[in-house]
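In: next come a sequence and a model predicted from it.
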Amino acid sequence: MHSPLVSLVIVTWNCKEYVLKCLQSIFMGQGVDFEVLVRDNGSSDGTLQDLREAFPQVILIGDGKNVGFAAANNEAIALARGAYILLLNPDTVLPKGALSFLISEASAGNDMRVVVPTLLNTDGTFQPSVNSFPTIRNMIASNLKALLKSCGANCFRRGDVGLKVDWARGACLLFPRNVMEEVGKLDENLFMYGEDMDYCWRVHKAGYKIFWAQSVEIVHHGNVSGNQKWGRNRLEKTCQGLIYFWIKHFGICYAIAATFIRILSFFARSLFCFVIGFVIINSNLRMKGIMHWRNLLALARAWCDPDGWILYHNGLQYRKGNP
């Protein structure tokens, strides 16, 4: 059986209009041989029916159950036949030729690196999507930098060249198959949020790199499914993924210390933005202060949620060698 060069894996849940537009952009022309696998997580908006009619060439997977983002990706990846695997969110738009360029960047590194593009918001503005791992050392350094730059600096500047990064959001990640086979499956303890950072950490531990191809730009509308499922609690769920990451890879004491530093950071940023915002009458700074305060509360609530306790217990089990 013929094997395509790349397999595109898309997990969708109740975002029919977005995934249809995503597939339209893919089939506009990418310059490489590819297959598309869509794993539907029990959508109730008619996603499967419309996809069958509009894109019969797409491989559809789904049993009516919502198994979570990581587990659904793992199911589709197991069926993928490509030499490369692209994990793509359904609320993205892939421009013509983008796939070919991403693959050329991966092959230029002798298939020893994961490649990610630049993400853009719906309005075409830059969407921060790459960052340093949230270790205590990195958090202290970035917090000092952010305070010096009035609470708003991005860790990376855009350019026309590639850049090695710690981790990238999972909206669009291209893996050579050999990398994914060595690193293994996405962590299914994470229902949604945090699986991308965890996987990138494991990629680095396996000796591979994450490469940001800055000149490749794709639109990522963002949080379409997450907002539907969790609404205002989405930020809290994101924080639970962060705490799980700390516990899983560094231990419970480290997670508590890191949480304290992060809460202290949010408090300092919030206070700074509120005070300066009122002194110079700057509404944008006051809004940033509100955002930092919400982040502080979400991180505190994440420790108190019983659902989070189950997740953190699983992280401890992994730490003890019982994944």
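Out: Yes, it's here.
In: least trustworthy helix or strand in this protein by mean pLDDT?
Out: helix 224-230 (a mean of 58; mean pLDDT, DSSP states H and E).
In: pull the residues that contact the next helix or strand after it.
Out: Following helix 224-230 in sequence order, the next helix or strand is helix 234-250 (DSSP states H and E). Helix 234-250 is contacted from outside by 134-135, 187, 189-190, 192-195, 197-198, 201, 223, 226-227, 230, 254-255, 258-259, 294-295, 298-299, 301-303, 305, 307-308, 311-312, 314-316, 318-319, using C-beta atoms under 8 Å, 6 or more residues apart in numbering. No exception for glycine: its C-beta is placed from N, CA and C like everyone else's.
In: which parts of this structure belong to which domain?
Out: 6-222, 232-319 (automatic domain parsing).
In: how about low-confidence regions in this protein?
Out: Within the chain, the segments meeting pLDDT under 70 span 1, 146-162, 223-232, 322-323.
In: make it 80
Out: Residues of the chain meeting the criterion pLDDT under 80: 1-2, 109, 111, 143-162, 223-233, 281, 320-323.
In: helices of that one, start to end?
Out: For the chain, applying DSSP state H gives helices covering 16-26, 47-54, 69-79, 98-108, 136-148, 177-183, 195-205, 224-230, 234-250, 252-279, 283-304, 306-319.
In: quick one: the nearest residue to His292 once chain neighbours are set aside from Arg286, how far?
Out: Excluding its sequence neighbours, the residue lying closest to His292 (C-beta to C-beta, 6 or more residues apart in numbering) is Ser270, at 3.9 Å. Remark: distance between Ser270 and Arg286 (C-beta to C-beta, to the nearest Å) = 10 Å.
In: now the contacts of helix 234-250: which count as buried?
Out: For these, a burial check counting by 16 or more other C-beta atoms under 10 Å picks out 134, 187, 189-190, 192-195, 197-198, 201, 226, 230, 255, 258-259, 295, 298-299, 302-303, 305, 308, 311-312, 314-315, 318.
In: give me the more crowded residue out of Ser270 and Arg286.
Out: With neighbours defined as other C-beta atoms under 10 Å, Ser270 and Arg286 compare such that Ser270 has more, 20 against 16.
In: verify the stated contact: the more buried one with Gly289.
Out: Yes. Using C-beta atoms under 8 Å, Ser270 is in contact with Gly289, at 4.7 Å.
In: quick one, what contacts Cys22?
Out: 10, 88-94.
In: how near is Gly29 to Ile85?
Out: 20 Å.
In: and the two? Which one has more around it.
Out: Ile85 (24 against 12).
In: quick one: contacts for that one?
Out: So Ile85 contacts 6-7, 9, 77, 174-175, 177, 180 (C-beta under 8 Å, 6+ apart).
In: bridged to it, which residues?
Out: Ser7, Phe175 (DSSP bridges).
In: gap between it and Ala106?
Out: 11 Å.
In: for Cys304, same thing?
Out: For Cys304, the distance to Ala106 - C-beta to C-beta - is 42 Å.
In: which one of those two is surrounded by more residues?
Out: Set Cys304 next to Ala106 and count neighbours by other C-beta under 10 Å: Ala106 wins out with 24 against 9.
In: and the gap between the closest residue to that one other than its chain neighbours and Val216?
Out: Excluding its sequence neighbours, the residue lying closest to Ala106 (C-beta to C-beta, 6+ apart) is Val115, at 4.7 Å. Distance check for Val115 against Val216: by C-beta to C-beta, it reads 8 Å.
In: find residues that contact each of these two.
Out: 102, 105.
In: so for the two, which residue has more residues nearby?
Out: Ranked by neighbour count (other C-beta under 10 Å), Val115 and Val216 place Val115 first, with 28 against 22.
In: the more buried one touches Leu102, doesn't it?
Out: Yes. Contact criterion C-beta under 8 Å: Val115 and Leu102 qualify, at 5.1 Å.
In: overlap in contacts, those two.
Out: The contact lists of Val115 and Leu102 share 174, 213, where a contact means C-beta under 8 Å, 6+ apart.
In: now stretch 250-266: buried residues?
Out: Neighbour count says stretch 250-266 has 250, 255, 258-259, 262, 265-266 buried, by 16+ other C-beta under 10 Å.
In: wait, which of the residues you listed is closest to Ser142?
Out: In terms of C-beta to C-beta, no member of the buried residues of stretch 250-266 lies closer to Ser142 than Ser265, at 8.7 Å.
In: for that closest one, which non-adjacent residue is closest in space?
Out: Asn143 (4.5 Å).
In: which residues touch that neighbour?
Out: Asn143 neighbours (C-beta under 8 Å, 6+ apart): 261, 265, 268-269.
In: apply 10 Å and report the result again.
Out: Contact analysis of Asn143 by C-beta atoms under 10 Å, 6 or more residues apart in numbering lists 151, 261-262, 264-266, 268-269.
In: that one and Leu87, how far apart?
Out: Relative to Leu87, and taking C-beta to C-beta, Asn143 is found at 30 Å.
In: residues of stretch 176-189 that come out buried?
Out: For stretch 176-189, by 16+ other C-beta under 10 Å, it's 176-177, 179-180, 183, 186-189.
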